[in-house]
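Peer 1: Quick one, structure for this:
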Amino acid sequence: MIFWLVSLSLHWYEAVMSLCDRTLQACHAFPAYLASGLLLLATAGCLSSSPEENEKLEHHVPAHKPLTFAAAVTELQTRCEEANAQELASTPEKFTELLDVIRWLPELAGDSDLGRADWETVQRLSQRLEDLLPPNRQADGQLTKGLAAAREIIEELKPFIPRANTRLSQ
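Peer 2: Okay, the predicted model is just below:
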């Protein structure tokens, strides 16, 4: 693709130079042809030769990522109420998704109308949530206690939902 564009640009250049040799009046068109050729070359870097490369360039958003802060808090509450330590320990995907939602809380709060102080509180609470869950996912007392404590922290997050959603209701 790039070779084709370079070749095309060279042909344009040769045609314009040939024209300039024949008549001096046509030389004023040279900058326009040159600019067109350079523009094609510049945009060639944005094109990909295969669809696979284009897919790699696109930003992937996981299906379990909530769209808003309110949705994330609701999702966390649902996941923590329905999950038990044994299930999370035996299902790595569920545990990973729970951690993902916890880690997205500050980003989603930052994308909302929450002020800086509220955002900092959400960040601290999300860090506490993450610290409650053991990294090894073992179904022991630590994970059971972590889920119980997580439910309490989620209750602390709920008062931020109305302030985070003001942009959506206007």
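
Peer 1: I'd like the domain boundaries of the protein, if you could list them.
Peer 2: Listed by automatic domain parsing, the domain ranges of the chain are 2-57, 69-169.

Peer 1: For the longest one, give the mean pLDDT please.
Peer 2: It stands for domain 69-169. Domain 69-169 shows a mean pLDDT of 88.

Peer 1: Please spell out which residues along the helix or strand containing V122 are buried.
Peer 2: Following DSSP states H and E, one finds V122 within helix 116-132. By neighbour count on 16 or more other CB atoms under 10 Å, the buried set for helix 116-132 is D118, W119, T121, V122, L125, S126, L129, E130, L132. Quick note: C-beta positions are derived from backbone N, CA and C, even for glycine.

Peer 1: Turn those residues into CSV, including distance to G110.
Peer 2: Formatted as CSV, those follow (distance: CB to CB, whole Å):
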residue, distance to G110
D118, 10
W119, 6
T121, 12
V122, 9
L125, 14
S126, 11
L129, 17
E130, 17
L132, 22
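
Peer 1: What residues of stretch 98-116 count as buried?
Peer 2: L98, V101, I102, W104, L105, P106, L108, A109, S112, D113, L114.

Peer 1: Please report how far the first one lies from T78.
Peer 2: In other words, L98. From L98 across to T78, the span is 10 Å (CB to CB, to the nearest Å).

Peer 1: That's all I had, so thanks and see you.
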